[in-house]
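>>> everything below, folded, please.
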Amino acid sequence: MSRKGKIPIVVPKEVKVAVDGSQVHLEGPKGKMSLSMPCGIKVEQKDNQLVVTRANDTKQGRANHGTIRALLVNMVTGVTTGHKKEVEIQGIGYRAQLQGNTIIFTLGLSHQVEFVVPKELKVAVPKPTSIVLEGINKPLIGQVASKIRDLKRPEPYKGKGIRYLGEIVKTKQGKSVTK
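Take a look at the predicted model:
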């Protein structure tokens, strides 16, 4: 058995769970989410807990067991409290501003870059050098944050660019003059 997969998931009282064969539907104060189960994985609701089990002991079945449990934990957290990811911009003249659901970046290029944020996410720009993404879907938040980071990755000499909050960028020494 998977060590992570056999731990039951505690479901808060404000979350409604419906298990329909190979579909699990969750509804909470923040929104609704659903997940379809791969073959060989079964989810049962016992009191206020979800228990994930697998039918066989194949390599794929073992891999799916822990993965599905982790996805369900992220869904329960998403519909109750939500997920949040912060991105920061470093560099002179680099900044972002919000217009509707579009973020306009000034990144030292010859033009401004417009990035449209999906409607499922809430985005805030509290300072011109920080962006906050919030929502119930953790994979979507991570994917959007990654796409924003790819607009101008941190460069290795001065560390200028877009990075996740708290990300450590290794900087290189650069040229050294020797005589």
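>>> quick one, domains of this structure?
According to automatic domain parsing, the chain is divided into the following domains: 9-80, 83-164.
>>> need the ones you listed in CSV (columns: distance to G174).
Bear in mind the C-beta positions are built from the backbone N, C-alpha and C, glycine included. Shown next, in CSV, are these (distance: least, C-beta to C-beta, whole Å):
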stretch, distance to G174
domain 9-80, 41
domain 83-164, 5
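>>> want to throw those domains into CSV with mean pLDDT?
Rendered in CSV, the data for the domains of the chain read as follows (pLDDT from 0 to 100):
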stretch, mean pLDDT
domain 9-80, 92
domain 83-164, 95
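>>> and these as a markdown table, adding distance to K172 and mean neighbour count?
What follows is those, written out as a markdown table (distance: least, C-beta to C-beta, whole Å; neighbours: other C-beta atoms under 10 Å):
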| stretch | distance to K172 | mean neighbour count |
| --- | --- | --- |
| domain 9-80 | 36 | 16 |
| domain 83-164 | 5 | 15 |
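>>> which among these is found nearest to K170?
Using C-beta to C-beta as the criterion, the shortest distance between K170 and the domains of the chain is 6.9 Å, found for domain 83-164.
>>> distance between the ends of the closest one?
The stretch domain 83-164 measures 15 Å between its terminal residues, going by C-alpha to C-alpha, to the nearest Å.
>>> remind me, longest strand of the chain?
strand 83-90 (DSSP state E).
>>> direction included, what does that one pair against?
Note on strand 83-90: by DSSP bridges, its sheet partners are strand 130-135 (antiparallel), strand 161-164 (antiparallel).
>>> thank you, goodbye.
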